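In: When you get a sec, could you give me coordinates for this:
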Amino acid sequence: MPSPRSFTDGISIGVLTRLFDRDLVDEVLVETGRREKRSRLLPARVVVYYVLALCLFFGDGYEEVMRKLVNGLRFLGTWRTGWQVPSTSAISQARQRLGEEPLRVLFERVAAPMAQPGTKGAWFHGWRVMAVDGVIVDVPDTADNLEAFGKTGHQDGKSPFPQVRIVGLGECGTHAIVAAAIDSWRVYERELFARVLDDIEPDMVVLADRGFFSYELWCQARQTEAELVWRISDNVDVPVLEWLPDGSYRAELLPKNMKSDLK
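Out: Predicted coordinates:
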């Protein structure tokens, strides 16, 4: 009888294979030119599931995650017995062969709003509630990552790891990320937000913190026909058009050149 831990691992892998079914993974591998012409111990399809499993079991080492993946697939009856977990070196080489493109395309295929009509916190007067936010994360300290992303500097020197900035568009009711842009920490959140504007739909209301506001970006976002609810800094000068009973007011956003003309 499987242990409670292996049982929950199997359930996790089951959810993974349901969301990313085998046919979809194979289709993406063909599209990105990563489908092998010869049999390998770690075929590309398995490596795709392995990289996804790294996200599920992010606290475990390479070989342990592979062991959980294989045991989970055996639990589901979709993996043969007698297969040995490859070494960390073999796993690393398999990931290098796969590259990043299949995972990017796979994300674009499956990343979509998930809320149903009754999902709590997902709707406001018929609009799907979305939010955009950014985060900086460490990546492995390799020569390629250092060249591509760089390390942040501070008064005590540089950060120990290269860092990337990620801006994601998420569904508030489900926390599903439906679009994301990734680049060096040197690239500001506003620029990354502009890269996900095509994923905003007219039936959405999009929330954003004050760090994202600029007149130009606001105008670009309005072209999606979605509703916008953004915070702005106190030092943003906006003309008040009307005070409302609750103490809020209607104001008008103006480009900088028009503001100077009004003074």
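In: Next secondary structure after the strand or helix carrying Val25?
Out: Secondary-structure assignment from DSSP states H and E places Val25 in helix 22-31. Downstream of helix 22-31, the next assigned helix or strand under DSSP H and E is helix 44-56.
In: List the buried residues in that next one.
Out: 44-53, 56 (16 or more other C-beta atoms under 10 Å). Heads up, the C-betas are built off the backbone N, CA and C, glycines and all.
In: now do stretch 206-222
Out: 206-208, 212-214, 217, 221.
In: Repeat that for stretch 192-199.
Out: Across stretch 192-199, burial judged by 16+ other C-beta under 10 Å covers 192-194, 196-197, 199.
In: in the stretch 1-150 of the chain, which spans are helices?
Out: Listed in chain order, the helices of the stretch 1-150 of the chain (DSSP state H, counting those that start in this stretch) span 4-19, 22-31, 44-56, 62-75, 88-98, 101-110, 143-149.
In: For those helices, could you give me a markdown table that also reports mean pLDDT and distance to Asp246?
Out: Converted to a markdown table, the helices of the stretch 1-150 of the chain look like this (pLDDT from 0 to 100; distance: least, C-beta to C-beta, whole Å):
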| stretch | mean pLDDT | distance to Asp246 |
| --- | --- | --- |
| helix 4-19 | 62 | 43 |
| helix 22-31 | 93 | 49 |
| helix 44-56 | 89 | 43 |
| helix 62-75 | 78 | 52 |
| helix 88-98 | 89 | 54 |
| helix 101-110 | 94 | 41 |
| helix 143-149 | 92 | 45 |
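In: Nearest to Gly150 among the buried residues of stretch 192-199?
Out: Within the buried residues of stretch 192-199, proximity to Gly150 (C-beta to C-beta) peaks at Leu192, which comes in at 15.7 Å.
In: isn't that closest one right next to Asp183, touching?
Out: Yes. Leu192 is in contact with Asp183 according to C-beta atoms under 8 Å; the separation is 6.1 Å.
In: residues shared between the contacts of the two?
Out: Shared contacts of Leu192 and Asp183 (C-beta atoms under 8 Å, 6 or more residues apart in numbering): Arg165.
In: Quick check: Ala176 touching Gly170?
Out: Yes. The pair Ala176 / Gly170 is scored as a contact, 6.5 Å apart, by C-beta under 8 Å.
In: low pLDDT regions in the stretch 101-250 of the chain?
Out: Flagging of the stretch 101-250 of the chain using pLDDT under 70 yields the residue ranges 154-157.
In: Could you rerun that using 90?
Out: 139-140, 142, 152-160, 233-239, 248 (pLDDT under 90).
In: so where does the residue positioned nearest the centre of the chain fall, helix or strand?
Out: For the chain, the residue nearest the mean C-alpha position is Ala180 (4.6 Å; C-alpha atoms, centre = their mean). For Ala180, the element it lies in under DSSP H and E is strand 177-184.
In: how much does that strand deviate in direction from helix 101-110?
Out: Comparing the axes of strand 177-184 and helix 101-110 via axes from the mean of the first three to the mean of the last three C-alpha atoms, to 10 degrees yields an angle of 150 degrees.
In: Domain boundaries for the protein, per the record?
Out: Using automatic domain parsing, the domain parsing of the chain gives 4-109, 112-262.
In: Pro117: what's its closest spatial neighbour, skipping adjacent residues?
Out: Of all residues not flanking Pro117 in the chain, Trp123 sits nearest, at 7.5 Å (C-beta to C-beta, 6 or more residues apart in numbering).
In: Now stretch 148-164: buried residues?
Out: Those buried within stretch 148-164 under the rule 16+ other C-beta under 10 Å are 149-151, 159, 161-164.
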